[in-house]
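Undergrad: Sequence isn't available, so here's the structure alone:
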């Protein structure tokens, strides 16, 4: 009986939290429905350069320039823009991202780096450190702690970075929360925007291909490089789709190569037979 009551209490608490979250979203939409849809999105800026001189503070309290994380052994970077005390969407994005990292088959800090930036200028490096400790726990590899950077910064630095990647967000004073889109951005090792992934769940294949592509083939396996010939990134969906044309071209080239090989083999065989007959 006690277990049943405990289960009911937990269910009621979960429903209450969900109701609060939905209520917050509806409140923001009710206050300014046009802005909720107009100013909360990603404007895709492929090949845009992030501001290398933008100054932030990392989870240890050290002042850093964004450029310090670029050009490290040709490793691409995954950029996540969230805020650490977000009651809903940011947690879902980070949880979905970590879920993909566990099955990605690549190591943070070895194959690629991650830079997480708070969009709330009032948040502190101590809060960033606590978030980092929580999210790197259980991730594979020994370099994840050095490869995942959690930053806070001034409004000017945050805005400069957000503008460079097309991250449209705004602060709702009525509910004391930030309205922002959900997703991640893949950058080249030099800090140029390569790919976008939207939502709170990220397909392992798509993220892996994006990292291989952003690194210009310097990471990943031969299979990954071959798959890039068959799959093409669609900016509208933020995902990789199967490209029939490339496959047909590849099969056509393979067929021609086989035919040429067969013709060469036959010519050489006929010459050998002719010499033997003579």
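TA: Looks like it arrived, so ask away. Computed from a prediction, not measured in an experiment: that's the story for all the values here. Numbers count the residues shown, from 1 in each chain.
Undergrad: which residues of the stretch 101-250 of the chain fall in helices?
TA: For the stretch 101-250 of the chain, applying DSSP state H, counting those that start in this stretch gives helices covering 125-136, 144-147, 155-165, 204-214, 222-230, 244-277.
Undergrad: Out of those helices, which gets the lowest mean score?
TA: Of all these, the minimum mean pLDDT falls on helix 244-277 (a mean of 60).
Undergrad: can you map out the strands along this structure?
TA: 41-42, 55-58, 63-65, 77-82, 113-118, 148-153, 167-168, 170-172, 177-179, 183-187, 193-198, 231-234, 239-242 (DSSP state E).
Undergrad: Need the ones you listed in CSV (columns: mean neighbour count and mean pLDDT).
TA: No exception for glycine: its C-beta is placed from N, CA and C like everyone else's. CSV is the format used below for these (neighbours: other CB atoms under 10 Å; pLDDT from 0 to 100):
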stretch, mean neighbour count, mean pLDDT
strand 41-42, 18, 90
strand 55-58, 20, 98
strand 63-65, 14, 97
strand 77-82, 23, 97
strand 113-118, 24, 98
strand 148-153, 24, 98
strand 167-168, 20, 96
strand 170-172, 16, 91
strand 177-179, 20, 93
strand 183-187, 24, 97
strand 193-198, 22, 94
strand 231-234, 16, 70
strand 239-242, 16, 71
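Undergrad: To residue 48, which of these lies closest?
TA: Closest of the strands of the chain to residue 48 is strand 193-198, at 4.6 Å (criterion: CB to CB).
Undergrad: packing partners for the closest one?
TA: For strand 193-198, the packing partners by 3 or more CB pairs under 8 Å, 6 or more residues apart in numbering; DSSP states H and E come out as strand 183-187, helix 204-214.
Undergrad: could you redo the last one with a cut-off of 6 Å?
TA: Other elements packing on strand 193-198 under the criterion 3 or more CB pairs under 6 Å, 6 or more residues apart in numbering; DSSP states H and E are strand 183-187.
Undergrad: List the contacts of residue 48.
TA: 164, 193 (CB atoms under 6 Å, 6 or more residues apart in numbering).
Undergrad: For the spatially most central residue of the chain, list each beta-bridge partner.
TA: Centroid-nearest residue in the chain: residue 184, 4.0 Å away (criterion: CA atoms, centre = their mean). Residue 184 has the following beta-bridge partners by DSSP bridges: residue 197.
Undergrad: Who are the contact partners of it?
TA: 78, 80, 197 are the contacts of residue 184 under CB under 6 Å, 6+ apart.
Undergrad: And stretch 132-139, what's buried?
TA: Buried residues in stretch 132-139, counted by 16 or more other CB atoms under 10 Å: 132, 135, 136, 139.
Undergrad: I'm done for today, thanks for sticking with me.
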